[in-house]
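Student: I need the structure of the sequence given here:
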Amino acid sequence: MKIATWNVNSVNARLETVLRWFEEVSPDVACLQEIKCVDEKFPAEAFERLGYNVAVHGQKTYNGVAILSKTPLEDVRKGLPGDDDDDHARYLEAVVSGPNPVRVASIYLPNGNPIDTEKFPYKLAWMARLHAHARELLAYEEPLVLNGDFNVIPEPRDAAHPENWTKDALFQPESREAFRALKWLGLTEAFLAIDGAPESYTFWDYQAGAWQRNNGIRIDHALLSPQAADKLLSCVIHRDVRGWDKPSDHVPVVTELDL
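Tutor: I've put the predicted structure just below:
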């Protein structure tokens, strides 16, 4: 089972590019972030023609997450528990049905910038809520994949120029500590378990020739429960997609499980 995560940076603006990748790679499951549209404007029919079931948690102009699956989706949850006043569409969870079901989440974690505003405490509070919910999900003792744009650079090696990120919310000690604490619940970071090669980035800014200079960062992650990690076969960053026409500033990351 190939399970992808991809911040598409507006699914409608980049639909041709996104569909091209789906046709070439044909993931069994895909978690999309930053779809930037309400549910009704998501191009569901285009994906249904490729054989996908679609679940969407959208929002006008900003945020928005989706899960696409070749088998039906069950037990769909929209929104991260813990704050009834949070109306940001950043979390979607579902069980991928079949002989070997797996629970997946599509996560678009808050950016948190600028750090001297309310946006940074919101990021940390959101991460605390994710920590609490992940603890509950792990108690099910089932295959679980937390996929998404976590907006966290875990270690200096995960940035081409870490010195340029010291005042950014993505690289603050508090953000990195919260990400480590999430993993310490018993989650395995798929890419590190399989590869971990240096200069393996998932995001390159549109500005200042970042892509051409390979000035990237790794902020898109797949975290696996022990039951999923036991089945881990591969985790591949599809770097070449960043060089396609009308690309997102993020690229897909595909985790394969023996399910």
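Student: where does V95 fall, helix, sheet strand or coil?
Tutor: When classified by DSSP: H, G, I helix; E, B strand; the rest coil, V95 comes out as strand.
Student: no no, A4
Tutor: Assignment for A4 (three-state DSSP): strand.
Student: Hmm, E24 and it touching each other?
Tutor: No - counting by Cβ atoms under 8 Å, A4 sits too far from E24 to count as a contact (11.8 Å). Using the backbone N, CA and C atoms, a C-beta is placed for each residue, glycine as well.
Student: Find the residue closest to the residue nearest the centre of the chain in space, skipping its chain neighbours.
Tutor: Nearest residue to the geometric centre of the chain (Cα atoms, centre = their mean): G148, 1.0 Å. With Cβ to Cβ, 6 or more residues apart in numbering as the criterion, G148 has its nearest non-adjacent residue at 3.1 Å, and that residue is I107.
Student: Any idea how many residues pack against the one you found?
Tutor: 25 (other Cβ atoms under 10 Å).
Student: One more: H161?
Tutor: Around H161 there are 11 residues (other Cβ under 10 Å).
Student: can you tell me which residues contact it?
Tutor: For H161, the contact set (Cβ atoms under 8 Å, 6 or more residues apart in numbering) comprises N215.
Student: what do you get if the cut-off is 10 Å, keeping everything else the same?
Tutor: Shown in contact with H161 (Cβ atoms under 10 Å, 6 or more residues apart in numbering): 213, 215-217.
Student: That one and K231, how far apart?
Tutor: 36 Å (Cβ to Cβ, to the nearest Å).
Student: that older thread, next, give phi and psi for the residue nearest to G148.
Tutor: When read as degrees, to the nearest 10, the backbone of I107 gives phi -120, psi 130.
Student: pLDDT of stretch 178-196, averaged?
Tutor: The average pLDDT within stretch 178-196 is 97.
Student: Mind listing what's buried along it?
Tutor: For stretch 178-196, a neighbour-count test (16 or more other Cβ atoms under 10 Å) marks 178-179, 182, 187-192, 194 as buried.
Student: cool, and stretch 228-238?
Tutor: Neighbour counts over stretch 228-238 (16+ other Cβ under 10 Å) mark 228-229, 232, 235-238 as buried.
Student: what stretches of the chain score poorly on pLDDT?
Tutor: Within the chain, no range satisfies pLDDT under 70.
Student: where do the helices sit along it?
Tutor: Secondary structure of the chain (DSSP state H): helices at 15-25, 44-48, 119-138, 173-183, 190-194, 226-229.
Student: Need the ones you listed in JSON lines (columns: distance to C37).
Tutor: Below are the helices of the chain laid out as JSON lines (distance: least, Cβ to Cβ, whole Å):
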{"stretch": "helix 15-25", "distance to C37": "11"}
{"stretch": "helix 44-48", "distance to C37": "11"}
{"stretch": "helix 119-138", "distance to C37": "21"}
{"stretch": "helix 173-183", "distance to C37": "27"}
{"stretch": "helix 190-194", "distance to C37": "28"}
{"stretch": "helix 226-229", "distance to C37": "30"}
